[in-house]
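J.: Prediction below, plus the sequence it came from.
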Amino acid sequence: MSFIDPHIHMVSRTTDDYMKLTISGIRTVVEPAFWAGFDRSAASSFRDYFEQLTVTEPARAARFGVRHYCWLGLNAKEAEDLALAEQVLAFLPEFLDRPNVLGIGEIGLNTNSRNEIATLEKHLDIAVARNELILIHTPHLEDKLKGTRIIMDMIRAEPRIDPARVLIDHAEEHTIGEIKDRGFWFGLTLYPNSKGSPERAIDAVETYGPERLCINSSADWSVSDPLSILKCANEMRRRGHPETAIEQIFAQNPHAFLSQCPKFHHA
Amino acid sequence: MSAPYTPMNAMDALDVYFIENRSRLLDIAAFLDRIDRYPGAEQARADYRYQAFMQIIDVLKSGTPERTKQVQLALSDPTDTPLASARGKRAYGAWKGQQ
(Lines give C-alpha, C1' and ligand atoms only; values in the text may rest on other atoms or scores of the structure.)
Protein backbone atom coordinates (compact mmCIF):
# COMPACT_ATOMS: atom_id res chain seq x y z
CA MET A 1 0.00 0.00 0.00
CA SER A 2 1.40 3.40 -0.91
CA PHE A 3 1.26 6.29 1.54
CA ILE A 4 -0.36 9.71 1.29
CA ASP A 5 1.31 12.95 2.32
CA PRO A 6 -1.76 15.08 3.05
CA HIS A 7 0.15 18.36 3.35
CA ILE A 8 3.23 19.12 1.24
CA HIS A 9 4.17 22.19 -0.80
CA MET A 10 5.50 20.66 -3.98
CA VAL A 11 5.76 23.95 -5.91
CA SER A 12 8.72 24.65 -3.60
CA ARG A 13 10.39 21.29 -4.23
CA THR A 14 12.55 20.09 -7.07
CA THR A 15 11.40 17.58 -9.63
CA ASP A 16 13.93 15.17 -8.09
CA ASP A 17 11.72 15.12 -5.00
CA TYR A 18 8.86 13.63 -7.04
CA MET A 19 11.21 10.79 -7.96
CA LYS A 20 12.18 10.32 -4.30
CA LEU A 21 8.52 10.28 -3.27
CA THR A 22 7.41 7.75 -5.82
CA ILE A 23 10.28 5.28 -5.37
CA SER A 24 9.82 5.56 -1.57
CA GLY A 25 6.13 4.70 -1.73
CA ILE A 26 4.45 8.10 -1.38
CA ARG A 27 2.31 8.24 -4.50
CA THR A 28 -0.43 10.67 -3.51
CA VAL A 29 0.29 14.21 -2.31
CA VAL A 30 -2.01 17.04 -1.31
CA GLU A 31 -0.77 20.61 -1.56
CA PRO A 32 -2.42 23.47 0.32
CA ALA A 33 -2.10 27.00 -1.01
CA PHE A 34 0.25 28.86 1.31
CA TRP A 35 2.64 31.77 1.84
CA ALA A 36 5.45 31.92 -0.70
CA GLY A 37 8.05 33.22 1.77
CA PHE A 38 7.25 36.80 0.78
CA ASP A 39 4.06 38.83 0.50
CA ARG A 40 2.66 38.91 -3.02
CA SER A 41 2.17 42.36 -4.50
CA ALA A 42 -1.18 41.83 -6.24
CA ALA A 43 -4.21 39.56 -6.45
CA SER A 44 -3.13 38.52 -9.93
CA SER A 45 -0.18 36.69 -8.34
CA PHE A 46 -2.71 34.44 -6.58
CA ARG A 47 -4.53 33.77 -9.82
CA ASP A 48 -1.23 32.58 -11.32
CA TYR A 49 -0.53 30.51 -8.20
CA PHE A 50 -3.93 28.82 -8.31
CA GLU A 51 -3.31 28.05 -11.97
CA GLN A 52 0.04 26.51 -11.03
CA LEU A 53 -1.57 24.37 -8.31
CA THR A 54 -4.39 23.13 -10.52
CA VAL A 55 -2.67 22.68 -13.88
CA THR A 56 1.13 22.80 -13.81
CA GLU A 57 1.81 20.90 -10.60
CA PRO A 58 -0.49 17.90 -11.18
CA ALA A 59 1.07 17.51 -14.63
CA ARG A 60 4.60 17.62 -13.14
CA ALA A 61 3.59 15.03 -10.54
CA ALA A 62 1.96 12.74 -13.08
CA ARG A 63 5.26 12.36 -14.93
CA PHE A 64 6.45 10.39 -11.89
CA GLY A 65 3.26 8.48 -11.18
CA VAL A 66 2.31 10.73 -8.27
CA ARG A 67 -1.29 11.90 -7.88
CA HIS A 68 -1.40 15.59 -6.98
CA TYR A 69 -4.36 17.26 -5.26
CA CYS A 70 -4.60 20.71 -3.73
CA TRP A 71 -6.47 23.04 -1.41
CA LEU A 72 -7.07 26.65 -2.41
CA GLY A 73 -7.39 29.79 -0.33
CA LEU A 74 -5.61 32.90 0.86
CA ASN A 75 -3.10 31.94 3.54
CA ALA A 76 -3.34 33.55 6.97
CA LYS A 77 -0.03 35.37 6.65
CA GLU A 78 -1.35 37.48 3.78
CA ALA A 79 -4.86 37.78 5.21
CA GLU A 80 -4.16 41.00 7.09
CA ASP A 81 -4.66 43.03 3.90
CA LEU A 82 -8.45 43.04 3.62
CA ALA A 83 -8.50 44.71 0.21
CA LEU A 84 -6.21 42.02 -1.20
CA ALA A 85 -8.27 39.31 0.47
CA GLU A 86 -11.46 40.64 -1.04
CA GLN A 87 -9.96 40.58 -4.53
CA VAL A 88 -8.58 37.05 -4.16
CA LEU A 89 -11.76 35.63 -2.66
CA ALA A 90 -13.75 37.14 -5.52
CA PHE A 91 -12.10 34.81 -8.04
CA LEU A 92 -11.30 31.85 -5.77
CA PRO A 93 -14.59 30.03 -6.60
CA GLU A 94 -13.64 29.99 -10.29
CA PHE A 95 -10.95 27.43 -9.42
CA LEU A 96 -12.75 25.24 -6.89
CA ASP A 97 -14.43 22.95 -9.42
CA ARG A 98 -11.14 21.95 -11.03
CA PRO A 99 -10.51 18.20 -10.84
CA ASN A 100 -7.64 18.20 -8.31
CA VAL A 101 -9.11 20.75 -5.85
CA LEU A 102 -10.34 19.10 -2.64
CA GLY A 103 -11.56 22.16 -0.75
CA ILE A 104 -10.62 25.41 0.97
CA GLY A 105 -7.19 25.59 2.63
CA GLU A 106 -4.90 26.16 4.19
CA ILE A 107 -6.78 28.98 5.83
CA GLY A 108 -6.77 30.06 9.44
CA LEU A 109 -4.83 32.46 11.62
CA ASN A 110 -1.21 33.53 11.93
CA THR A 111 -1.05 36.20 14.64
CA ASN A 112 -4.71 36.03 15.74
CA SER A 113 -5.49 39.53 14.50
CA ARG A 114 -8.93 40.98 13.79
CA ASN A 115 -8.28 41.21 10.03
CA GLU A 116 -7.09 37.60 9.87
CA ILE A 117 -10.31 36.60 11.62
CA ALA A 118 -12.37 38.64 9.15
CA THR A 119 -10.67 36.95 6.20
CA LEU A 120 -11.17 33.52 7.76
CA GLU A 121 -14.89 34.26 8.16
CA LYS A 122 -15.13 35.05 4.45
CA HIS A 123 -13.42 31.78 3.57
CA LEU A 124 -15.82 29.89 5.83
CA ASP A 125 -18.77 31.58 4.08
CA ILE A 126 -17.52 30.24 0.73
CA ALA A 127 -16.98 26.78 2.21
CA VAL A 128 -20.51 26.72 3.63
CA ALA A 129 -22.08 27.94 0.40
CA ARG A 130 -20.31 25.23 -1.60
CA ASN A 131 -20.15 22.49 1.07
CA GLU A 132 -16.36 22.33 0.74
CA LEU A 133 -13.93 20.40 2.92
CA ILE A 134 -11.76 22.73 5.02
CA LEU A 135 -8.06 22.56 5.92
CA ILE A 136 -7.11 24.85 8.80
CA HIS A 137 -3.66 26.31 9.44
CA THR A 138 -3.06 27.10 13.11
CA PRO A 139 -0.55 29.72 14.28
CA HIS A 140 2.96 28.76 15.26
CA LEU A 141 4.71 28.80 18.60
CA GLU A 142 3.25 30.94 21.40
CA ASP A 143 0.23 31.95 19.30
CA LYS A 144 -1.00 28.41 18.56
CA LEU A 145 -3.14 27.73 21.62
CA LYS A 146 -5.07 30.99 21.42
CA GLY A 147 -5.45 30.80 17.65
CA THR A 148 -6.65 27.22 17.66
CA ARG A 149 -9.33 28.07 20.21
CA ILE A 150 -10.50 31.14 18.27
CA ILE A 151 -10.72 29.11 15.06
CA MET A 152 -12.63 26.27 16.68
CA ASP A 153 -15.08 28.71 18.27
CA MET A 154 -15.69 30.33 14.89
CA ILE A 155 -16.34 27.04 13.13
CA ARG A 156 -18.51 25.56 15.86
CA ALA A 157 -20.57 28.76 15.81
CA GLU A 158 -21.52 27.92 12.21
CA PRO A 159 -23.93 24.96 12.49
CA ARG A 160 -23.77 24.25 8.76
CA ILE A 161 -20.12 23.13 9.05
CA ASP A 162 -19.68 19.52 10.13
CA PRO A 163 -16.44 19.33 12.17
CA ALA A 164 -15.83 15.89 10.67
CA ARG A 165 -15.22 17.73 7.37
CA VAL A 166 -12.57 20.02 8.90
CA LEU A 167 -8.94 19.13 9.56
CA ILE A 168 -7.11 21.40 12.00
CA ASP A 169 -3.45 21.17 11.13
CA HIS A 170 -0.16 21.73 12.93
CA ALA A 171 -1.68 20.48 16.19
CA GLU A 172 0.67 19.90 19.11
CA GLU A 173 0.45 18.45 22.60
CA HIS A 174 -1.41 21.42 24.08
CA THR A 175 -4.08 21.58 21.37
CA ILE A 176 -4.74 17.96 20.33
CA GLY A 177 -7.10 17.14 23.17
CA GLU A 178 -9.34 20.16 22.62
CA ILE A 179 -9.43 19.58 18.85
CA LYS A 180 -10.46 15.93 19.23
CA ASP A 181 -12.99 16.73 21.95
CA ARG A 182 -14.72 19.17 19.59
CA GLY A 183 -15.09 16.61 16.82
CA PHE A 184 -12.50 17.82 14.31
CA TRP A 185 -9.79 15.88 12.50
CA PHE A 186 -6.28 16.99 13.44
CA GLY A 187 -2.96 17.06 11.65
CA LEU A 188 0.53 16.62 13.05
CA THR A 189 3.34 18.25 11.10
CA LEU A 190 6.88 16.86 11.01
CA TYR A 191 9.01 19.92 10.58
CA PRO A 192 12.58 20.12 11.82
CA ASN A 193 13.36 22.79 14.41
CA SER A 194 9.98 24.49 14.81
CA LYS A 195 7.27 21.81 14.86
CA GLY A 196 7.00 18.14 15.70
CA SER A 197 9.46 15.28 15.47
CA PRO A 198 8.59 11.70 14.44
CA GLU A 199 9.06 10.63 18.06
CA ARG A 200 6.59 13.20 19.41
CA ALA A 201 4.10 12.43 16.64
CA ILE A 202 4.05 8.74 17.59
CA ASP A 203 3.83 9.70 21.27
CA ALA A 204 0.63 11.53 20.26
CA VAL A 205 -0.68 8.47 18.42
CA GLU A 206 -0.07 6.38 21.54
CA THR A 207 -1.56 9.00 23.87
CA TYR A 208 -4.60 10.15 21.90
CA GLY A 209 -5.26 7.13 19.67
CA PRO A 210 -5.14 6.85 15.88
CA GLU A 211 -8.63 8.16 15.14
CA ARG A 212 -9.16 11.37 13.11
CA LEU A 213 -5.41 11.91 12.80
CA CYS A 214 -3.29 12.66 9.73
CA ILE A 215 0.50 13.11 9.77
CA ASN A 216 2.21 15.28 7.17
CA SER A 217 5.59 16.70 6.18
CA SER A 218 4.48 20.21 5.23
CA ALA A 219 7.73 20.18 3.24
CA ASP A 220 8.23 23.55 1.57
CA TRP A 221 10.95 26.09 0.74
CA SER A 222 12.35 26.12 4.29
CA VAL A 223 14.17 23.49 6.38
CA SER A 224 11.93 20.46 5.77
CA ASP A 225 11.94 16.88 4.56
CA PRO A 226 9.56 15.46 1.92
CA LEU A 227 10.22 11.92 3.17
CA SER A 228 9.55 12.68 6.83
CA ILE A 229 6.28 10.71 6.98
CA LEU A 230 8.27 7.59 6.09
CA LYS A 231 10.70 8.31 8.94
CA CYS A 232 7.70 8.72 11.22
CA ALA A 233 6.24 5.42 10.00
CA ASN A 234 9.59 3.84 10.79
CA GLU A 235 9.41 5.27 14.31
CA MET A 236 6.12 3.37 14.75
CA ARG A 237 7.81 0.24 13.42
CA ARG A 238 10.76 0.71 15.79
CA ARG A 239 8.37 0.75 18.73
CA GLY A 240 6.73 -2.49 17.66
CA HIS A 241 3.49 -1.21 16.17
CA PRO A 242 2.10 -3.58 13.52
CA GLU A 243 2.07 -2.71 9.82
CA THR A 244 -1.73 -2.51 9.91
CA ALA A 245 -1.52 0.35 12.43
CA ILE A 246 1.12 2.12 10.33
CA GLU A 247 -1.05 1.81 7.23
CA GLN A 248 -3.99 3.25 9.13
CA ILE A 249 -2.05 6.39 10.04
CA PHE A 250 -0.29 7.01 6.75
CA ALA A 251 -2.79 5.72 4.18
CA GLN A 252 -6.25 4.87 5.52
CA ASN A 253 -6.72 7.92 7.75
CA PRO A 254 -5.85 10.54 5.12
CA HIS A 255 -7.89 8.55 2.61
CA ALA A 256 -10.89 8.57 4.96
CA PHE A 257 -10.75 12.33 5.48
CA LEU A 258 -9.87 13.37 1.94
CA SER A 259 -12.30 11.02 0.19
CA GLN A 260 -15.15 13.01 1.71
CA CYS A 261 -14.46 15.01 -1.45
CA PRO A 262 -15.58 12.72 -4.30
CA LYS A 263 -12.74 13.98 -6.50
CA PHE A 264 -10.14 12.24 -4.30
CA HIS A 265 -8.83 8.83 -5.36
CA HIS A 266 -5.86 6.95 -3.93
CA ALA A 267 -4.49 3.76 -5.44
CA MET B 1 0.67 -10.95 8.16
CA SER B 2 1.97 -8.55 10.78
CA ALA B 3 3.44 -9.72 14.05
CA PRO B 4 1.26 -8.90 17.07
CA TYR B 5 1.86 -5.49 18.63
CA THR B 6 4.40 -5.82 21.40
CA PRO B 7 4.57 -2.41 23.01
CA MET B 8 7.78 -1.15 24.50
CA ASN B 9 8.14 -1.07 28.24
CA ALA B 10 9.81 1.81 30.06
CA MET B 11 13.22 0.12 30.14
CA ASP B 12 13.01 -0.43 26.37
CA ALA B 13 12.30 3.27 25.94
CA LEU B 14 15.23 4.17 28.16
CA ASP B 15 17.52 1.91 26.15
CA VAL B 16 16.35 3.21 22.78
CA TYR B 17 16.18 6.93 23.51
CA PHE B 18 18.79 7.61 26.22
CA ILE B 19 21.80 8.41 24.04
CA GLU B 20 19.99 10.81 21.70
CA ASN B 21 18.39 12.65 24.62
CA ARG B 22 21.69 12.80 26.47
CA SER B 23 22.97 14.61 23.40
CA ARG B 24 20.00 17.03 23.50
CA LEU B 25 20.70 17.81 27.15
CA LEU B 26 24.29 18.60 26.28
CA ASP B 27 23.09 20.92 23.51
CA ILE B 28 20.92 22.77 26.04
CA ALA B 29 23.81 23.02 28.49
CA ALA B 30 26.05 24.35 25.74
CA PHE B 31 23.38 26.88 24.72
CA LEU B 32 23.22 28.22 28.29
CA ASP B 33 27.03 28.26 28.56
CA ARG B 34 27.21 30.22 25.31
CA ILE B 35 24.88 32.88 26.66
CA ASP B 36 26.98 33.10 29.83
CA ARG B 37 30.21 33.40 27.86
CA TYR B 38 29.17 36.13 25.44
CA PRO B 39 29.00 39.88 26.16
CA GLY B 40 25.54 40.95 27.30
CA ALA B 41 24.86 37.80 29.28
CA GLU B 42 23.06 39.65 32.03
CA GLN B 43 20.62 41.23 29.59
CA ALA B 44 20.02 37.89 27.85
CA ARG B 45 19.36 36.14 31.17
CA ALA B 46 16.75 38.80 32.00
CA ASP B 47 14.94 38.30 28.68
CA TYR B 48 11.46 36.75 28.90
CA ARG B 49 12.53 33.87 26.66
CA TYR B 50 15.43 32.94 28.93
CA GLN B 51 13.16 33.24 31.96
CA ALA B 52 10.61 30.96 30.29
CA PHE B 53 13.39 28.48 29.57
CA MET B 54 14.37 28.38 33.23
CA GLN B 55 10.73 27.90 34.25
CA ILE B 56 10.48 24.98 31.84
CA ILE B 57 13.52 23.29 33.31
CA ASP B 58 11.60 23.20 36.58
CA VAL B 59 8.67 21.56 34.75
CA LEU B 60 11.00 18.86 33.42
CA LYS B 61 12.20 18.10 36.94
CA SER B 62 8.71 18.10 38.45
CA GLY B 63 7.77 14.51 37.71
CA THR B 64 4.20 15.59 36.85
CA PRO B 65 2.37 13.86 33.97
CA GLU B 66 2.09 15.44 30.52
CA ARG B 67 5.31 17.41 30.82
CA THR B 68 5.34 18.11 27.08
CA LYS B 69 1.90 19.71 27.30
CA GLN B 70 2.95 21.67 30.38
CA VAL B 71 5.98 23.04 28.52
CA GLN B 72 3.78 24.05 25.58
CA LEU B 73 1.35 25.81 27.90
CA ALA B 74 4.17 27.60 29.73
CA LEU B 75 5.26 29.11 26.39
CA SER B 76 1.77 30.00 25.11
CA ASP B 77 -0.30 33.15 25.06
CA PRO B 78 -3.14 32.27 27.47
CA THR B 79 -5.38 35.22 26.53
CA ASP B 80 -8.38 35.12 24.20
CA THR B 81 -8.57 38.67 22.79
CA PRO B 82 -7.69 39.11 19.11
CA LEU B 83 -4.82 41.44 18.23
CA ALA B 84 -5.76 44.81 16.79
CA SER B 85 -3.34 44.26 13.91
CA ALA B 86 -0.83 41.72 12.63
CA ARG B 87 1.46 44.45 11.29
CA GLY B 88 5.00 44.00 12.55
CA LYS B 89 4.03 41.00 14.65
CA ARG B 90 6.00 37.76 14.58
CA ALA B 91 6.24 34.74 16.84
CA TYR B 92 9.27 34.36 19.09
CA GLY B 93 8.55 31.02 20.73
CA ALA B 94 7.55 32.29 24.15
CA TRP B 95 4.79 34.65 25.26
CA LYS B 96 6.09 38.04 26.34
CA GLY B 97 2.99 38.94 28.32
CA GLN B 98 0.42 41.68 27.75
CA GLN B 99 1.99 44.41 25.58
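T.: On my side now, so go ahead. Numbering: from 1, shown residues only, chains lettered A, B, ... in the order given.
J.: Residue B:46 and residue B:54, how far apart?
T.: 11 Å (C-beta to C-beta, to the nearest Å). (Each C-beta comes from the backbone N, C-alpha and C, glycine too.)
J.: before we move on, what about residue A:101?
T.: Using C-beta to C-beta, residue A:101 is found at 48 Å from residue B:54.
J.: And residue B:28, by the same measure?
T.: In terms of C-beta to C-beta, residue B:28 sits 11 Å off from residue B:54.
J.: and what of residue A:99?
T.: Applying C-beta to C-beta, the value for residue A:99 to residue B:54 is 54 Å.
J.: And residue A:117, by the same measure?
T.: Taking C-beta to C-beta, one finds residue A:117 at 34 Å from residue B:54.
J.: Looking at these two, which one has more neighbours?
T.: residue A:117 (19 against 10; other C-beta atoms under 10 Å in any protein chain shown).
J.: How about that one: what's its closest non-neighbour residue?
T.: Nearest residue to residue A:117, sequence neighbours excluded (C-beta to C-beta, 6 or more residues apart in numbering or on different chains): residue B:82, at 5.7 Å.
J.: Name all residues that make contact with the one you found.
T.: For residue B:82, the contact set (C-beta atoms under 8 Å, 6 or more residues apart in numbering or on different chains) comprises A:112-114, A:117, A:150.
J.: Who wins on neighbours among those?
T.: Counting by other C-beta under 10 Å, top hit in those: residue A:112 with 27 neighbours.
J.: Residue numbers of chain B in contact with chain A?
T.: For chain B, the residues in contact with chain A (C-beta under 8 Å from any C-beta of the partner chain) are B:2-8, B:16-17, B:66, B:68-69, B:72-73, B:75-80, B:82-87, B:89-95.
J.: Among those residues, name the buried ones.
T.: Burial by neighbour count, judged by 16 or more other C-beta atoms under 10 Å in any protein chain shown, picks out B:8, B:68-69, B:72, B:75-77, B:82-83, B:86, B:91, B:94-95 from the residues of chain B next to chain A.
J.: tally of neighbours for residue A:61?
T.: 23.
J.: What strand or helix carries it?
T.: Residue A:61 belongs to helix A:57-62 when assigned by DSSP states H and E.
J.: Show me what that helix is packed up against.
T.: The contact analysis (3 or more C-beta pairs under 8 Å, 6 or more residues apart in numbering or on different chains; DSSP states H and E) places helix A:57-62 against helix A:15-24, strand A:67-72.
J.: same thing but at 10 Å, please
T.: helix A:15-24, strand A:26-32, strand A:67-72 (3 or more C-beta pairs under 10 Å, 6 or more residues apart in numbering or on different chains; DSSP states H and E).
J.: what sits against the closest residue to residue B:93 other than its chain neighbours?
T.: Nearest non-adjacent residue to residue B:93, counting by C-beta to C-beta, 6+ apart: residue A:141, 4.8 Å away. Contacts for residue A:141 (C-beta atoms under 10 Å, 6 or more residues apart in numbering or on different chains) come out as A:172, A:194-195, B:72, B:75-77, B:90-95.
J.: Can you pull the residues of the stretch 1-150 of chain A lying near chain B?
T.: Proximity of the stretch 1-150 of chain A to chain B, by C-beta under 10 Å from any C-beta of the partner chain, involves residues A:76-81, A:109-118, A:139-150.
J.: Kindly apply the preceding question to the stretch 151-267 of chain A instead.
T.: A:153, A:172-177, A:194, A:199-200, A:203-204, A:206-207, A:238-247.
J.: at 6 Å what do you get?
T.: A:172-174, A:239-244 (C-beta under 6 Å from any C-beta of the partner chain).
J.: Quick check: residue A:60 vs chain B, distance?
T.: From residue A:60 across to chain B, the span is 32 Å (C-beta to the nearest C-beta, to the nearest Å).
J.: Actually, residue A:137.
T.: 13 Å.
J.: pLDDT wise, what is residue B:2 at?
T.: Turning to residue B:2, the model gives it a pLDDT of 54.
J.: and after the helix or strand harbouring residue B:35, which helix or strand comes next?
T.: Assigned by DSSP H and E, residue B:35 belongs to helix B:10-37. Per DSSP H and E, the first helix or strand lying C-terminal to helix B:10-37 is helix B:41-46.
J.: show me where pLDDT drops low in chain B?
T.: B:1-5, B:99 (pLDDT under 70).
J.: mind running it again at 80?
T.: B:1-6, B:98-99 (pLDDT under 80).
J.: thinking again about what came up before, for my notes, please list the helices and strands packed on helix A:57-62 in JSON lines and give mean neighbour count and mean pLDDT for each entry.
T.: Converted to JSON lines, those look like this (neighbours: other C-beta atoms under 10 Å in any protein chain shown; pLDDT from 0 to 100):
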{"stretch": "helix A:15-24", "mean neighbour count": "16", "mean pLDDT": "97"}
{"stretch": "strand A:26-32", "mean neighbour count": "26", "mean pLDDT": "98"}
{"stretch": "strand A:67-72", "mean neighbour count": "25", "mean pLDDT": "98"}
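J.: for the helix or strand hosting residue A:88, what is the average pLDDT?
T.: Assigned by DSSP H and E, residue A:88 belongs to helix A:82-96. Mean pLDDT, helix A:82-96: 98.
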